[in-house]
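[1] how would this look folded up:
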Amino acid sequence: MFGHILASFTMPLQVANDAWSFLYILPLTFVLAVVYKTTKITVFSWWGLLRESVILTASIVVFMAAVAASLYTFCTLILR
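    So this is what the prediction gives:
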């Protein structure tokens, strides 16, 4: 059974290249925020970890959206 599990990782997962595929960013940023905040909080509590992780996730997503909008604007002005 272990060999079957390892054999399933030999082919890459097919991910669609459309606008909906950007929704994969949300769970990725949330997991990243949880792992980061787990190592950085001084007093552990589940509610504190959840609150800090949600704040960090929102910060990352908003910053990525701002960078994407500014790059889009920059490229639009340059290619005009």
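[2] need the helices for the chain, in chain order.
    2-7, 25-40, 46-78 (DSSP state H).
[3] now the second one: buried residues?
    Meaning helix 25-40. 29-30, 33-34, 37 (16 or more other Cβ atoms under 10 Å). Every residue, glycine included, has its C-beta placed from N, CA and C.
[4] that helix packs against which elements?
    Here helix 25-40 touches helix 46-78, going by 3 or more Cβ pairs under 8 Å, 6 or more residues apart in numbering; DSSP states H and E.
[5] lowest average confidence, helix or strand, in this protein?
    helix 2-7 (a mean of 76; mean pLDDT, DSSP states H and E).
[6] how far does it sit from its chain's centre?
    Here helix 2-7 is found 27 Å from its chain centre; the criterion is Cα atoms, centre = their mean, to the nearest Å.
[7] got the CA coordinates for it in CSV?
    Provided in CSV are the C-alpha atoms of helix 2-7 (Å, rounded to 0.1, in the frame of the first residue of the first chain):
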residue,chain,number,x,y,z
PHE,A,2,2.9,2.4,0.8
GLY,A,3,4.3,1.8,-2.7
HIS,A,4,1.0,2.6,-4.3
ILE,A,5,0.8,5.9,-2.3
LEU,A,6,4.4,6.8,-3.4
ALA,A,7,3.6,5.9,-7.0
